[in-house]
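Enquirer: A predicted structure for the sequence below; I have some questions about it.
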Amino acid sequence: MNKNIFDSKKLKYGSVAVIFTAIFIAIIILLNVVIGALETRFGLYADLTAEKIYDIGPASDTLISSIDDRIEIIFCRDRDKLVSENRYMQMIVGLAEKYATRYDNISVDFIDLGRRGRELNRFRATTSTTINTTDVIINAPDNGKYRHLRQASFFSATESGALFGFNGEMRITASILAVTRASEDKVVFTTGHDETFSSQITEIMINAGYDTTDSLMIVDLAKEDIPENTRLVIVNNPRRDFSGYQAAKNGNVNEIAKLDKYLSSYGNLFVLINNETPVLPELAEFLDTDWGISYHTGEIVEDVGNSLSADGHSIISLYNTDSEAHPYACEITRRITERSSSGRTVMSSTTPLYLSADAPAAVSPILQSSERSRAMNGEKAISSGKHTLMAISTKMQYVNNFEKYSHVIVSGSTDFFHSDIAYSSTANADLVYSILKLVGTESVPIDIETKPFSDQSIPSIGMATFKSTLVKLAVVLPLIVLAAGIYVYIRRRRL
Amino acid sequence: MFPIFKREMRAYFSSPIGYIFMAVFLAISGAIFSVFTVGSSSTDSSGYFVFILFVFTILIPLLTMKLFSEERKMKTEQILLTSPVSIFGMVFGKFLAAFTVFFGTFALSCAVNFITLRQIAGKPLNFAGIFGNIVGILLIGAAFISIGIFMSSLTENQLVSAVTTIGIILFMLLISFLPVYINSPTLREIVRFFSVVDRFSVFTGGVFSLSGISYFVSISIVFLFLTTRIYEMRRWN
C-alpha cells in the first residue's frame, strides 16, 4: 500500500518546524523595527557623552516650549549617509532628532540634494546661493521664514580651525526663534570711521539669532539711516570721528543727530574704544554730555595683581553686584554671576571710563578693575584705585504708562571680541549675549552655552611610556595567564 | 543547565583552550588599546572598541568551535539528548559557559587597560561613555558566540565550524561597507539595519541605544533558537 507522502510524520514535523522557525525570526525582526521606530519617536536612548551633546537644556526648553509654529529641520542628504559620514554630522542629526522627539511641532526631514534637489530650490535666497549636503535648513512653513545653516556654524573653532565645542543647541534654538519672530530685529554695525570688524563679533551675533543680512547689517550713517527694528547699534573701535553739528552747518550729514534720534526712539548703542582710540570730539561730547560717560585718550588701566598678563593689561574684571543702586548693570552680569562656575570677563588694553553724576541718565559701572589698579598715560600714573572698564547709561521714558528704555553701553576695551579672549574659558561672549538680551526681545537665546569637547589629549607621552604600557598590557598579563595555563596543564598530566 | 555550564567551564580551564583564548585576547586587546590611546596621546578609546570587533572574528570561533562539534565527533551528544536537561537548557548552558569565559576575559582586559590609562592620563575618563561601549561589546560578543554555537551544532568538524563562524562574523562586519555602493536609500537602510558596525557606531558616539541593544540580543536569541531547533530535529530523528 502506498503511503501518502503528506501524511509523513517527518515531513509534517519538518514543515511545521520550518514554518514556526520562519515566523519566529520574522517576529524578532518586526520587534526590532518597532523598537527602532519607538526609539526615534520617543527618544529612547541615553546620552553618555561627557559633553551631553544631545541634551536640550532648560533655557532652550523655556524658549521653544512657548512656540506653537510648525518648524521643519531639513537636512540635505539621506540620514544614513549623513550619520555615517562623520561624528560631527552624527551630533547635529542626533540633536535635531531630539528636538523633534521632545516638541510635537518640530519635525526632521532628510531631502537628498542629489535625488530631490528641486525641493530645496525654495531655500536658495539668490540664484548664486549654494546648498551643500551638510547644510541644515530651519524652516517655518507657516510664515515662509527659514534659516540656512552651514555645518561649520554648529561648532566653535579656534583661528587655526581646530574644533573645540559644539554649538548645536544654541544654533538650532536661535534659528527657531529667528524664523518665528514676528518682526525682524536688527543689529547694526556702523562703518565709515575705520571701525574694526571681526569674524568673532559676527559669530556671537549669529549665535544670538542675528544671522541673516537682514538682521545683521553694516550701515554708513553718512549715507543711510538706521533701519527700523534696530535693537542695537554697535560702534566698534572707531578711528575717525562722527560728523556732528559742525558738519551739519557745512551742509553734511549729522551722524550724531541720527544716533541721538535713534536713541530717543528707545534704541540702544554699544561703543567699544580702547587706550589707542584717538580724540573723537563729536562722539566723545555726545557720550559725555548726553549719557555721562567719557574717556581720556592715551590712558590705559594697569592692574598687575589681577591680570592674566605680566604687564597688568589683561584685567580680570570685577562685576558690579549692587543691584539696588545699579540695576541695569547687574542685569547684564547677573546671568554670569549667578552661575556656580562664574566665568571671568577679561578686558585687555582697556582705557578707563569716567562716569558723570550730573548726566541726564542713570550711569553705572558694569565692570571694574581692582582697588590696586592704576590708570597710566605712558609711564605716568594718572590715578589709582578702582577704575570703570565698562559702563551703562540708561534713560527711561513713560509711553502710554509703559516704561521704555534706551541704553548706551561703553566698553573701554576693543579686545573684548579678540579671538583668544572671546573663545577661551572667559565669559566675554556671555556678557555680549546679556547685553543683547537686555536691549533686545526675550528671544535672544543666552544661557545656552557652547558644549566644549572634553580634552582627550594626554600631554607629555614619550616613547618610553608607550613602550612600557605596551609591554605591561600586551605581554606581561598574557604571559601570566599562559603560565597559569601551563601549570594547570602539567598538573593534570601528572595526575 | 547548570551542570552543563559547570562541565563546559571545567573543560575550558582544564584544557589549553581557555588559557590560550584569554592570553591571545589579552595580548591583542592590550596592544590595540596601547596604540589607540597611549600611542596616540589620547584618552579616546572609540577606535579601540571598533577595532576589537574585527578581532572577535578570529577569537570567538576559538571558544565555540568545539562546543557541539566535539560532542558529535565523540558520539557523546546522545548522552546529552537523552539526559533530563531540556535541549534549550543544554544549548543555553554551553552558551553561558562560552560567554562567561569571554565576559571574564574582556572585563579583565578593560579593567587593566582603563586603570592604566587613567593613571597615565592623570585626569578622569568618561566612564559613562566607556561603560556604554563595554555593554555594546559584550552584547556583540554574546551574539557572535551564539552564531558560533549554531555553526558548531551543524558539523562534527571543529575546523569547519570555526571557518564558517569566521565567515558569517566577517560578513556581518563587512556589510557595513556595502551601503556606499548602493543608490537606493531603502536598500541602504535594510543593509544598515543588519550591519553590526553601524549599530555599534552609535555606542561609540556616546549614545546608549535601545534599538542597538535589542538588535544584538535578538541575534543571540535567533541563533540560540536555531541551535535548539537543530537538536530538536535530531532528537526526533
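Expert: Sure thing, it's come through. If you're wondering where the values come from, they're calculated on a predicted model, not measured in any experiment.
Enquirer: which helix runs longest in the chain?
Expert: In the absence of a named chain, this looks at chain A. helix A:9-42 (DSSP state H).
Enquirer: let's do chain B instead
Expert: helix B:87-121.
Enquirer: so which elements touch it?
Expert: Under the contact definition 3 or more CB pairs under 8 Å, 6 or more residues apart in numbering or on different chains; DSSP states H and E, helix B:87-121 sits against helix A:463-471, helix A:477-494, helix B:2-14, helix B:16-36, helix B:46-64, helix B:127-154, helix B:210-236. No exception for glycine: its C-beta is placed from N, CA and C like everyone else's.
Enquirer: coming back round to it: from the chain's centroid, how far away is the longest helix of chain A?
Expert: 48 Å (CA atoms, centre = their mean, to the nearest Å).
Enquirer: so that helix, near chain B or not?
Expert: Yes - applying CB under 8 Å from any CB of the partner chain, one finds that helix A:9-42 is in contact with chain B at A:10, A:13-14, A:17, A:21, A:24-25, A:28-29, A:31-33, A:35-36, A:38-39.
Enquirer: for that helix, the averaged confidence score.
Expert: Helix A:9-42 comes out with an average pLDDT of 82.
Enquirer: kindly report the same for stretch A:96-108.
Expert: The model assigns stretch A:96-108 a mean pLDDT of 93.
Enquirer: run through who's touching it.
Expert: Residues from elsewhere that reach stretch A:96-108, judged by CB atoms under 8 Å, 6 or more residues apart in numbering or on different chains: A:40-43, A:54-56, A:61, A:64-65, A:67-75, A:93, A:136, A:172, A:176.
Enquirer: what's the pLDDT at residue 161?
Expert: Defaulting to chain A. The model's pLDDT for residue A:161 equals 68.
Enquirer: ah, I was thinking of chain B
Expert: pLDDT at residue B:161 comes out at 91.
Enquirer: how about the closest residue to chain B within chain A, nearest residue that isn't a chain neighbour?
Expert: Of all residues in chain A, the one sitting closest to chain B is residue A:485 (2.6 Å; CB to the nearest CB). Spatially, and ignoring its direct neighbours in sequence, residue A:485 is nearest to residue B:19 (2.6 Å; CB to CB, 6 or more residues apart in numbering or on different chains).
Enquirer: only C-alpha atoms, please: export stretch A:264-283 in CSV.
Expert: The C-alpha trace of stretch A:264-283 is given here as CSV (Å, rounded to 0.1, in the frame of the first residue of the first chain):
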residue,chain,number,x,y,z
SER,A,264,15.4,108.9,21.6
SER,A,265,13.2,106.3,20.0
TYR,A,266,14.2,103.7,22.6
GLY,A,267,17.3,102.5,20.7
ASN,A,268,20.5,101.2,22.2
LEU,A,269,24.1,101.9,21.5
PHE,A,270,27.2,99.8,22.2
VAL,A,271,30.5,101.7,21.8
LEU,A,272,33.9,100.0,22.0
ILE,A,273,37.0,102.0,22.4
ASN,A,274,40.5,101.4,23.8
ASN,A,275,43.6,103.1,25.0
GLU,A,276,44.6,104.0,21.5
THR,A,277,41.3,105.5,20.4
PRO,A,278,42.1,108.9,19.2
VAL,A,279,40.4,112.1,20.2
LEU,A,280,36.9,112.0,18.7
PRO,A,281,35.4,115.3,19.7
GLU,A,282,31.8,114.9,18.4
LEU,A,283,31.4,111.3,19.6
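Enquirer: that'll do, ta.
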